[in-house]
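J.: Quick check, what structure comes out for this input:
(one chain, ligands or ions: 4)
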Amino acid sequence: MKRYLNLLLLVTLVVSFTGTSDRHAFGQERTTAPTNLSAVGTIVWVWSQLPDGPAWNDATGWDQKQYYSTIQTGDIDGDGRDELLARANAGILAYEFDPDANAWVKLPDGPAWSGPDGWYQEKYYSTIQTGDIDGDGSDELLGRSPAGILAYKFDPDANDDKWVALPNVPEMSDTNGWDQEQYYSTIQTGDIDGDGSDELLARGAAGILAYEFDPAANAWVKLPDGPEWSDVENWDQEKYYSTIQTGDLDGDGQHELLARDPDGILALDLHAEITGLAASNDSPTVLGQPTTFTATVTTGTNLSYAWDFDDGNSGSGVVVTHTYGTAGTYTATVTVSNLVYSDTVTTVVTIKESHHSLYLPVVLR
Ligand SMILES: [Ca+2]
Ligand SMILES: [Ca+2]
Ligand SMILES: [Ca+2]
Ligand SMILES: [Ca+2]
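T.: Ligands and ions are numbered 1, 2, ... in the order given. Alright, predicted model coming up:
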């Protein structure tokens with residue numbers, strides 16, 4: 001079968017009518033045809049075909065869902081180019097496209113998540129995905145086995161086995177009920193704490209669970225339970241659980257959690273406890289000059305900073321400046337808060353009188 005003949009796609013982005021134009025006339029019958037039509041922003045897009053990728057064709061069984069539905073991309077070696085991944089009967093296959101050679105290159109086979117080992121079942125193969133769980137810029141490979149979530153890291157520099165097994169998450173095992181679609185189909189990754197690495201999220205019988213991988217300790221850390229989207233609250237129905245996903249709605253690098261319940265879309269932000277709050281200022285300051293205040297925290301997300309300068313004035317922000325009207329000592333206060341947490345700390349400010357030195361001529365006798 002001949003596939004993907006070159007396509008020519010013309011996209012006209014902007015066509016403007018020049019000459020007299022009246023927005024109130026829009027939608028009204030034109031009495032005269034436009035006489036001066038010109039295209040001012042025509043971009044020509046052309047599809048070209050890369051060399052054929054791996055021959056995952058129908059004749060070799062890739063028309064089966066257990067294989068074709070696992071085809072995905074992810075940058076497993078962190079070079080900024082996505083690899084092509086899929087599960088074959090023997091396990092995970094990986095290919096990369098080499099733009100210099102204009103050719104596909106087969107990478108070492110991934111974990112042997114094979115049919116004979118049960119991976120032909122949707123409760124396993126449908127959970128295969130990638131995510132950067134250690135935040136190093138390359139994607140790890142995740143998949144749920146009967147014993148729980150397995151994770152592998154591809155190390156292109158390793159001499160021997162380039163696929164390195166990371167600790168698993170045993171809680172999501174078949175024995176714990178995770179072989180049910182209402183649970184395993186919600187397994188996903190997303191950076192819900194905004195630290196640059198993806199967390200592992202899923203809905204269990206009692207609600208949302210989240211795990212973070214700590215690369216220093218080479219261990220998974222369970223985060224506080226998420227919203228109680230539980231079976232008893234009807235979240236075992238596909239019309240609800242299948243809508244669970246993450247996305248960075250406010251663009252702060254931290255993913256929000258989204259889902260649809262009977263009333264519509266819910267969105268939740270995760271808030272970290274505020275710890276290590278400290279405030280400082282660059283006084284002593286000469287009267288009339290600005291004093292700069294700085295607040296720092298060790299942990300905390302979605303924070304707002306409210307300053308009280310102890311002279312009836314206030315300010316906001318991590319770093320603020322304020323000019324006092326009277327010399328003296330002040331105790332400025334900063335209150336740092338998010339929707340869940342709040343903390344306050346003070347910093348003492350000294351404002352000195354300005355001294356105008358008087359220079360008298362030295363008279364020699
Ligand atoms: Ca890559
Ligand atoms: Ca990684
Ligand atoms: Ca994270
Ligand atoms: Ca966000």
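
J.: Quick check: Gly91 touching Gly115?
T.: No - under the criterion of CB atoms under 8 Å, Gly91 is not in contact with Gly115, lying 9.1 Å apart. The way it works is simple: take the backbone N, C-alpha and C, and place the C-beta from them, glycine included.

J.: ok, Leu270 - contacts?
T.: With contacts defined as CB atoms under 8 Å, 6 or more residues apart in numbering, the neighbours of Leu270 are Ile192, Asp193, Gly226, Gln254, Leu257, Thr301.

J.: now these in CSV, with distance to ligand 3?
T.: What follows is the contacts of Leu270, written out as CSV (distance: CB to the ion, whole Å):
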residue, distance to ligand 3
Ile192, 6
Asp193, 4
Gly226, 14
Gln254, 8
Leu257, 13
Thr301, 11
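
J.: Which single one of those is nearest to Trp45?
T.: Gln254 (34.5 Å; CB to CB).

J.: Now do the contacts for the closest one.
T.: Residues touching Gln254, when contacts are defined by CB under 8 Å, 6+ apart, comprise Asp191, Ile192, Asp193, Gly194, Asp248, Asp269, Leu270, Thr301, Asn302.

J.: and the nearest residue to Asp308 once chain neighbours are set aside, how many neighbours?
T.: Leaving aside its chain neighbours, Asp308 sits nearest to Thr333 (4.5 Å; criterion: CB to CB, 6 or more residues apart in numbering). By other CB atoms under 10 Å, the residues close to Thr333 number 16.

J.: got the CA positions of stretch 151-164 in CSV?
T.: Output in CSV follows, covering the C-alpha atoms of stretch 151-164 (Å, rounded to 0.1, in the frame of the first residue of the first chain):
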residue,chain,number,x,y,z
ALA,A,151,10.1,2.3,36.1
TYR,A,152,13.2,2.2,33.8
LYS,A,153,15.7,4.8,33.0
PHE,A,154,17.5,4.8,29.6
ASP,A,155,21.2,5.6,30.1
PRO,A,156,22.9,6.1,26.7
ASP,A,157,26.3,6.2,28.3
ALA,A,158,26.1,2.8,30.1
ASN,A,159,28.5,0.2,28.8
ASP,A,160,26.3,-2.8,29.3
ASP,A,161,22.6,-2.7,30.0
LYS,A,162,21.4,0.8,29.0
TRP,A,163,18.0,0.3,30.5
VAL,A,164,18.3,0.7,34.3
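
J.: Find the nearest non-adjacent residue to the residue in the stretch 101-250 of the chain positioned nearest to ligand 1, please.
T.: Nearest to ligand 1 in the stretch 101-250 of the chain, going by CB to the ion, is Ser138, at a distance of 7.4 Å. Taking CB to CB, 6+ apart as the measure, Ser138 lies nearest to Gly78, with 3.0 Å between them; neighbours along the chain are not counted.
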